[in-house]
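> task: produce atomic coordinates for the following.
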Amino acid sequence: MEIDIQLLPIPPSPALLLNRSVVVLDVLRATSVIVHALSQGAKEFIPVPSVEEAFEKKKRYPPGTTLLGGEKDTQPIEGFDLGNSPREYVADRIKDKRIILRTTNGTQAFHLIALAKEVMVASFFNVGAAARRCVASGLDLLAFPSGDEGRFSIEDTVCAGMIVDQILKIQGKEITLTDASHAAHILFKRFENDLTEAFSLSHHGKRLIGLGRGDDLPFCARTNIASIVPVFKEGVIRSAD
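Okay, the predicted model is just below:
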């Protein structure tokens, strides 16, 4: 099994995707929202690239069944039901609901790698479960950090490095790492004992702190609190069977 990591959020070659599994990461905060909300009983997520598409899609579903969530430029979106903090996605609010999600980085990423054989969703919340599913698939893996508006992101790459670390502990010598996955693993080891430090050093983490949303950093740094692995298929994200 080979593990590669896309260090910049640019579209991979279609040929690279066809026989690989991909794990999408946007730990601050979209994939943390998705994992947390599905763990809290949300029905499914539909990631969309624009605010306008979110409003249009909601019209297709019966009243009361669907919520709009996400952000634009890190700010809540007028007319949306929820923002992009996983702390908002509590069971009383989202149980059995469909959530149409629009974010700056994470929801864009799903549409860049949709040709992959399987597309998983991970954050620090379910990093162990994601690693186990990656191994069980038997496929080569591409970790896809969503980045920061097209730029490298520390926090997503550290999470990718933690997935590498977990897989190495399961499979050991049967794993081949590319230079990029080696680099992510080294970065994870630097922050292994204080993931919030990586968040605080990141451009996006600093922006959240500046906007008064710094409480999301330690919340999103919690590891292995969810056993589900959401899967993106045919435009919809649901918990894997």
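
> all contacts plus neighbour counts: C-alpha atoms, from now on.
OK.

> and the helix or strand bottoming out on mean pLDDT in the chain, which residues are buried?
Using mean pLDDT, DSSP states H and E, helix 14-17 stands out as the lowest-scoring helix or strand of the chain, at a mean of 89. Within helix 14-17, the residues scored as buried using 16 or more other Cα atoms under 10 Å are L17.

> outside of that helix, which residues touch it?
113, 115-117 (Cα atoms under 8 Å, 6 or more residues apart in numbering).

> 10 Å - rerun?
Helix 14-17 has contacts (Cα atoms under 10 Å, 6 or more residues apart in numbering) with 11, 112-119, 140-142.

> ok, the closest residue to P12 other than its chain neighbours - contacts?
Computed as Cα to Cα, 6 or more residues apart in numbering, the closest residue to P12 that is not its neighbour in sequence is I113, at 7.1 Å. Contacts of I113 were listed using Cα under 10 Å, 6+ apart, and they are 10-14, 16-18, 21-24, 119, 142, 144.

> buried ones in the one helix or strand M162 maps to, by neighbour count?
Using DSSP states H and E, M162 sits within helix 154-171. Neighbour counts over helix 154-171 (16+ other Cα under 10 Å) mark 154-168 as buried.

> again with stretch 221-233
Result for stretch 221-233 [16+ other Cα under 10 Å]: buried residues 221, 226, 228-233.

> show me which of those residues is closest to Q40.
In terms of Cα to Cα, no member of the buried residues of stretch 221-233 lies closer to Q40 than A226, at 9.8 Å.

> doesn't V33 make contact with the closest one?
No. If you go by Cα atoms under 10 Å, A226 and V33 don't touch, sitting 11.9 Å apart.

> quick one, strands of this protein?
Using DSSP state E, the strands of the chain run over 2-5, 20-25, 44-47, 66-70, 98-102, 118-122, 140-145, 176-177, 230-233, 236-239.

> can I get these in CSV with distance to I77 and mean pLDDT?
Output for these, formatted as CSV (distance: least, Cα to Cα, whole Å; pLDDT from 0 to 100):
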stretch, distance to I77, mean pLDDT
strand 2-5, 31, 97
strand 20-25, 22, 97
strand 44-47, 15, 98
strand 66-70, 7, 98
strand 98-102, 9, 98
strand 118-122, 23, 97
strand 140-145, 24, 97
strand 176-177, 40, 96
strand 230-233, 24, 97
strand 236-239, 21, 97
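
> can you redo those strands as TSV with distance to K206?
Converted to TSV, those look like this (distance: least, Cα to Cα, whole Å):
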stretch	distance to K206
strand 2-5	24
strand 20-25	19
strand 44-47	25
strand 66-70	19
strand 98-102	21
strand 118-122	22
strand 140-145	18
strand 176-177	31
strand 230-233	28
strand 236-239	29
